[in-house]
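Asks: Quick one, structure for this:
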Amino acid sequence: MAAPDLLYLSLIAALMLVDRFVLWPAFLRRSQANPARARLWVWSSTIIMLWTMAAAGIALWLFEARAWESLGFVVPRGWRMWAAIGLALAIVYAHARPVAKLMRRDRPKRVKLGWPGAEMFAPHTDAELAWWMGVSLTAGFCEELVFRGYLIWVFQPMLGLWGAAALSVVAFALGHAYQGAKGIVSTGIVGAIFTLIFLVLGSLLPAIALHALMDVGQGLVAWAALRRPRDDGSASA
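Replies: Purely as a prediction, here's the structure:
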């Protein structure tokens, strides 16, 4: 493993620790005073952190003059393309139904959103939903680049393809440790699914798109359940 890769792995580990032990506790403290401000703060911090991680990886790839195909940046063809399209449509359908049902209600409805703290973290207003879209697109690209693309590539010579894939799933799950034990398990399952998609389809692009779509869908469901009668602008105050 080259020295620049060791430095990059150190950066990834450091940012994961910052996310778990700095950003999340600070978000919980800020939420006690002003939940809307706290959400915007943690979302913007997350965007900066993830793009820092991704930008460092891109810089490393350019510096080492490595082929982007080795990270999975290839367009799937034939049945792989159709499989990716089918999965995307399935994700859209799975989230569109509850969103449509919730939107038909005159008042917001309390629904189970998943891990503890999800309601506090999720978008409540139109303005917050727009921010959530930015977080979702960022997570879709940056997390797939790092966890599915880079980690599998860098550890494959030592652990083999499936060993590296398993390690990437564990790292992805631990990167969401702020969601608690159940959140780690559920995130690990999702990470395993994205990893299989990446390996079977032979391209990182479907995993990026599906990851972003899933995050967008989850945000839409939460917003539809938690939305206010009208956006009073408190999220941007």
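
Asks: and the residue nearest the centre of the chain, what does it touch?
Replies: The residue lying closest to the centre of the chain (Cα atoms, centre = their mean) is Ala139, at 3.6 Å. Counting by Cβ atoms under 8 Å, 6 or more residues apart in numbering, Ala139 makes contact with 46, 50, 211-212, 215. C-beta here means a position set from N, CA and C on the backbone, and glycine is covered the same way.

Asks: Tell me the secondary structure at it.
Replies: helix (DSSP: H, G, I helix; E, B strand; the rest coil).

Asks: gap between the longest helix seen in the chain and the chain center?
Replies: In the chain, with assignment by DSSP state H, the single longest helix is helix 35-63. Offset of helix 35-63 from its chain centre (Cα atoms, centre = their mean, to the nearest Å): 11 Å.

Asks: Let me know the average pLDDT across it.
Replies: The average pLDDT within helix 35-63 is 95.

Asks: packing partners for that helix?
Replies: On a contact count with 3 or more Cβ pairs under 8 Å, 6 or more residues apart in numbering; DSSP states H and E, helix 35-63 meets helix 3-18, helix 24-33, helix 118-121, helix 126-143.

Asks: Dump these to CSV, plus distance to Phe63.
Replies: Output for those, formatted as CSV (distance: least, Cβ to Cβ, whole Å):
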stretch, distance to Phe63
helix 3-18, 7
helix 24-33, 32
helix 118-121, 35
helix 126-143, 19
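
Asks: closest to Trp61 out of the ones you listed?
Replies: Nearest to Trp61, of all those, is helix 3-18, at 9.8 Å by Cβ to Cβ.

Asks: Okay, now the unreliable bits of the chain?
Replies: Applying pLDDT under 70 to the chain flags residues 106-117, 228-237.

Asks: what do you get if the cut-off is 80, keeping everything else the same?
Replies: The chain contains residues with pLDDT under 80 at 1, 104-119, 180, 227-237.

Asks: By neighbours, which of the contacts of Ala139 wins?
Replies: In terms of neighbour count, His211 stands highest of those at 26 neighbours, by other Cβ atoms under 10 Å.

Asks: Nearest residue to that one in space, ignoring adjacent ones along the chain?
Replies: Leaving out its chain neighbours, the residue that sits closest to His211 by Cβ to Cβ, 6 or more residues apart in numbering is Gly140, at 4.1 Å.
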